[in-house]
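Participant: below are the sequence and a predicted model for it; my questions follow.
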Amino acid sequence: MAKPRKTTAPEIRPKKSAAPAKKPAPPAKKPGERDAGPLEPRAVALIAALRADPRLAAVARDFEAARAVPSRKFGSNGLKVNGKLFALFTQGTLVVKLPKDRVAALVAAKVGKPFDPGHGRLMKEWLTVTEASAPWIVLVREAHAFVGG
């Protein structure tokens, strides 16, 4: 005698609802581009101080305008005078362009170290400020005077 077959009700699955709305994709970047990202608090304070100085307000405006356009080019995150770079922000610190002897004196005073852009060759006229209490605004004004003539 054959066993009666068990019958089960067909499985009822809920209908798929409309897919949740996706966030719009960010604008496509060109190869090698990066987001400017937020500035460190000391850099924000420095830019505010530059904006308040009539001689350097244009430098702050130009810097802020340049940050709106993503770029990986050397100095894209920097301050310029007459198109020449005199300071930049990298890895949470300030880098300034000063005369070689001034850089050597500041290194000796443990204010900073010569800047290495990553290829192993130190740049003798560039100082990476490593001393937390170093007055960034003073060094930036000095670099501006050096590069701007």
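Facilitator: Noted; the coordinates are in hand. Residues are numbered from 1 along each chain as shown.
Participant: just the helices in this structure please.
Facilitator: 41-52, 57-67, 100-108, 136-148 (DSSP state H).
Participant: contacting residues around residue 143?
Facilitator: Counting by Cβ atoms under 8 Å, 6 or more residues apart in numbering, residue 143 makes contact with 86-87, 96-98. Every C-beta, even on glycine, is put in place using the N, C-alpha and C of the backbone.
Participant: let's see 10 Å
Facilitator: Residues counted as contacts of residue 143 (Cβ atoms under 10 Å, 6 or more residues apart in numbering) are 79, 81, 85-88, 94-99, 102, 125-127.
Participant: any idea how far it is from residue 69?
Facilitator: As judged by Cβ to Cβ, to the nearest Å, residue 143 and residue 69 stand 23 Å apart.
Participant: what stretches of the protein score poorly on pLDDT?
Facilitator: 1-37, 70-76 (pLDDT under 70).
Participant: now with 90, please.
Facilitator: Applying pLDDT under 90 to the chain picks out residues 1-43, 63-78, 83, 89-92, 116-121, 149.
Participant: give me the neighbour count for residue 117.
Facilitator: Neighbours of residue 117 under the rule other Cβ atoms under 10 Å: 14.
Participant: and for the one 10 residues further on?
Facilitator: Applying other Cβ under 10 Å, we find 27 other residues in the vicinity of residue 127.
Participant: same question for residue 100.
Facilitator: Residue 100 sits with 12 neighbouring residues when counted by other Cβ under 10 Å.
Participant: correct me if wrong: it contacts residue 125.
Facilitator: Yes: assessed by Cβ atoms under 10 Å, residue 100 is found in contact with residue 125 at 5.6 Å.
Participant: need the residues touching each of the two.
Facilitator: residue 114.
Participant: quick one, phi psi at the residue lying closest to residue 131 once chain neighbours are set aside?
Facilitator: Leaving aside its chain neighbours, residue 131 sits nearest to residue 111 (4.7 Å; criterion: Cβ to Cβ, 6 or more residues apart in numbering). Main-chain torsions, residue 111, degrees, to the nearest 10: phi -80, psi -30.
Participant: I'd like the distance between the residue nearest to residue 90 when sequence neighbours are not counted and residue 40.
Facilitator: Excluding the flanking residues, the one nearest residue 90 by Cβ to Cβ, 6+ apart is residue 77, at 6.7 Å. Distance, residue 77 to residue 40, using Cβ to Cβ: 11 Å.
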